[in-house]
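Trainee: I'll drop the sequence and a predicted model, then ask my questions.
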Amino acid sequence: MCGIIAFTGNQAAAPILLDGLRRLEYRGYDSAGICVFNRKKLYNWKSSGKLSALESLLPDSILGSTGIGHTRWATHGAPTNENAHPHVDTTGRIAVVHNGIIENVDSLRLSLLPAKTALLSETDTEILAHAIAHTATKQGGPLIDAVRTVLRQVIGTFGIAVIDRDNPGTLIVARSGSPVILGIGDGEMFAASDVSALSRYTRELVHLDDGEVAELTPQGFTVTTLDASPREKKSTHLQGQLEEHDKAGYAHFLLKEINEQPETVKRAISGRLDEAFSTAHLGGLNLQARDLLDVKRIVILGCGSALYAGMAGAHMIETLARIPATAEAAAEFRYRNPVIEASTLYIAVSQSGETFDTLAAIREIKRKGGFVLGLVNSVGSTIAREVDGGVYMHAGPEVSVASTKAYTSMLTLFALIALLLGRTRDLSVQQGSGLVTSLHNLPVQIDYVLQQHKKIASIAKKIAHSQSAFFIGRTDGYPVALEGAQKLKEISYIHAEAYPASELKHGPLALVTEKTPCVVILQDSDLLAKNISTLEEINARSAPIIAVTDSDEPRIKKLAAHVIDIPKGDALLQPIVMGVALQLLAYHCALHLKRDVDQPRNLAKSVTVE
Ligand code: G6P
């Protein structure tokens, strides 16, 4: 949520800042700005709207080799030019960009600002610019002292970057609750809220921890705590190929990411299947077979699509390992004073590895002595660093705000975990071996669905103008329905509700009419007859049915207006394959309605505030 980039070196800062903002735009895209120091002055440009709006008002060439940039997701104050970051103090000395929320703005104003300081914006951030400038002038001494003095009094969360007209070439960055990563270059230094903005320039990274402040100059950096105690920080070397930030010929990042799924699922599985013992091999869990045997319960935590992936994962684990498993909204978890048990395995799921609520749940569990695993996509992210063990998705950067390839990778990893836990218990070699084969076959299954994109597009055209839609699923079809409804809401803005099939008649049926398309997930299982009854109920209310099914049952074709065929496969993995069909359905509805597919209104990809 909000992207920060900062640079100091000997080349022009502006192109680096703008390139960084382009890569960070998924974090927020309602306004953007950059501020560059040149010839004793700070030059600040900012604009409401997307990064392109900012770019259109910039001069052709911007001199200056120290600067900061920001792309915003509004919390305090509407997305206007005035509220866009960077914020500069009244004397034009200090410029600040900030990610997070400051909760004690009023008391900071009273304690740190001269009485007559006029605020130009409605943001919580502007106060920092005035307070740092005022404190630096009053205190004298190095800028970092003034930054620390101010930040010690802040209540809330922040990742900030500060430049000072009177300290050319120096950048101060600090972190408390919102990520800040330093990038070490050759005679230059970078900082950003996400590795994606740095990886093109350097692979030597330093992750700041909460309560740390860093001073950056082109020659290097020092890190201290807010109390000025020195911190020794080790750099990490970013592994793997540089992922290009382009759409690879697709119209949208979302479509590219949907189409990458056969490959990303392959990567999630790669090197993790043990054919000899028909099980999964997940070295990063930091758990021995004996530890796995001691697990009595599993609690999965996540937000948004990660939560729905967790619900599907809980089902997989219960099915294969017969360990009671539930998924819970991470944001709710810590506020209900949860009981943490030593025999429960907690699993936090997050694409970004930075979602504040998921991180807060992890910290609550660890504070009470629980053991937490992480299923994370973003390598080196805060969640990846704080959990006791985990598994990376290796899905590559997911740029589109709505999750697709990370979601299917989450489910794939849950299938591996379920297999592993099952094989430490009652799952036979034969059953395990069947699943291993099916996992290898999963990319082909997904590809089969992708090949139906034209048919799905034509179905989307027929439902895109509906006000409202229902997604219905039974047992493991219900999380599929939840995620399908989520995708449609997020990117097409069509109101969509997911219900367990059995709940339909307990209320929502009152809203089912010929104007409410019903997307029904129909697995070819022994519950098929019950699902057909659900179709009958919907059909009796004249609602158009879109059946997503791997069954050949003729009654489905009779009752449904449209059928999306899913290839037959292992029942445990069918939710993954069916989910892909719903992603395409949402995509084509959004396309038809001319929505901003990759950057839907009001949303941000990485929610680093509460
Ligand atoms: C935001 C995004 C969702 C995502 C959720 C959790 O709300 O808009 O698409 O599912 O955060 O994100 P995470 O990075 O923790 O998976």
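Mentor: Nice, thanks for sending it over.
Trainee: Between the two ends of stretch 458-476, how far is it?
Mentor: Terminal residues of stretch 458-476 are spaced 27 Å apart (CA to CA, to the nearest Å).
Trainee: how far does it sit from the chain's center?
Mentor: 25 Å (CA atoms, centre = their mean, to the nearest Å).
Trainee: now stretch 545-558
Mentor: Counting by CA atoms, centre = their mean, stretch 545-558 is centred 34 Å from the centre of its parent chain.
Trainee: buried stuff in that stretch?
Mentor: By 16 or more other CB atoms under 10 Å, the buried positions in stretch 545-558 come out as 545-551, 553, 556. The way it works is simple: take the backbone N, C-alpha and C, and place the C-beta from them, glycine included.
Trainee: Please save the CA atoms from that stretch in CSV.
Mentor: Provided in CSV are the C-alpha atoms of stretch 545-558 (Å, rounded to 0.1, in the frame of the first residue of the first chain):
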residue,chain,number,x,y,z
ILE,A,545,-27.0,-21.0,-14.8
ILE,A,546,-23.4,-21.1,-15.7
ALA,A,547,-22.2,-24.6,-14.8
VAL,A,548,-18.5,-25.2,-14.2
THR,A,549,-18.2,-28.9,-14.2
ASP,A,550,-16.2,-32.1,-14.8
SER,A,551,-19.3,-34.2,-15.0
ASP,A,552,-21.0,-35.6,-18.1
GLU,A,553,-24.3,-35.8,-16.5
PRO,A,554,-26.8,-34.9,-19.2
ARG,A,555,-29.2,-33.1,-16.8
ILE,A,556,-26.5,-30.4,-16.3
LYS,A,557,-26.6,-29.4,-19.9
LYS,A,558,-30.4,-29.4,-19.8
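Trainee: Can you give the contact residues for it?
Mentor: Stretch 545-558 is contacted from outside by 459, 463, 480, 517-524, 528, 532, 535, 538-539, 559-569, 574, 577-578, 581-582, 585, using CB atoms under 8 Å, 6 or more residues apart in numbering.
Trainee: rerun that using 7 Å as the cut-off
Mentor: 459, 517-524, 528, 532, 535, 538-539, 559-564, 566-569, 574, 578, 581-582 (CB atoms under 7 Å, 6 or more residues apart in numbering).
Trainee: separation between the residue of the stretch 51-200 of the chain found nearest the ligand and Thr344?
Mentor: Residue nearest to the ligand within the stretch 51-200 of the chain: Trp73 (10.4 Å; CB to the nearest ligand atom). Distance, Trp73 to Thr344, by CB to CB, to the nearest Å: 34 Å.
Trainee: cool, and Val379?
Mentor: In terms of CB to CB, Val379 sits 27 Å off from Thr344.
Trainee: If you count surrounding residues, which of those two has more?
Mentor: Thr344 (19 against 15; other CB atoms under 10 Å).
Trainee: Could you double-check that the more buried one sits in contact with Ile300?
Mentor: No: with contact defined as CB atoms under 7 Å, Thr344 does not count as touching Ile300 (10.8 Å).
Trainee: circling back: tell me the contacts of the residue of the stretch 51-200 of the chain closest to the ligand?
Mentor: 1-2, 27-28, 30, 604.
Trainee: Include neighbour count when you put those residues into TSV, please.
Mentor: Converted to TSV, the contacts of Trp73 look like this (neighbours: other CB atoms under 10 Å):
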residue	neighbour count
Met1	25
Cys2	27
Arg27	28
Gly28	27
Asp30	21
Ala604	23
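Trainee: Could you look up the SS state of the residue of the stretch 451-600 of the chain found nearest the ligand?
Mentor: The minimum distance from the stretch 451-600 of the chain to the ligand, using CB to the nearest ligand atom, falls at Glu490 (6.8 Å). Classification of Glu490 by DSSP: H, G, I helix; E, B strand; the rest coil places it in helix.
Trainee: count of neighbours near it?
Mentor: For Glu490, the count of nearby residues is 24 (other CB under 10 Å).
Trainee: Check the contact between it and Leu603; I expect there is one.
Mentor: Yes: between Glu490 and Leu603 there is a contact under CB under 7 Å: 6.4 Å.
Trainee: circling back to that earlier point, and the residue of the stretch 451-600 of the chain closest to the ligand, what does it touch?
Mentor: Applying CB under 7 Å, 6+ apart, the residues near Glu490 are 402, 600, 603.
Trainee: Could you report the separation of it from Arg601?
Mentor: In terms of CB to CB, Glu490 sits 10 Å off from Arg601.
Trainee: what do you get for Glu244?
Mentor: From Glu244 to Arg601 the distance is 27 Å (CB to CB).
Trainee: In three-state terms, label Ser606 for me.
Mentor: coil.
Trainee: who's in contact with it?
Mentor: Applying CB under 7 Å, 6+ apart to Ser606 gives the contacts 1, 27, 352, 354-355.
Trainee: Out of those residues, which are close to the ligand?
Mentor: Counting by CB under 6 Å from any ligand atom, 352, 355 from those sit close to the ligand.
Trainee: Make JSON lines out of the contacts of Ser606 and add pLDDT.
Mentor: Formatted as JSON lines, the contacts of Ser606 follow (pLDDT from 0 to 100):
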{"residue": "Met1", "pLDDT": "72"}
{"residue": "Arg27", "pLDDT": "86"}
{"residue": "Ser352", "pLDDT": "94"}
{"residue": "Glu354", "pLDDT": "93"}
{"residue": "Thr355", "pLDDT": "94"}
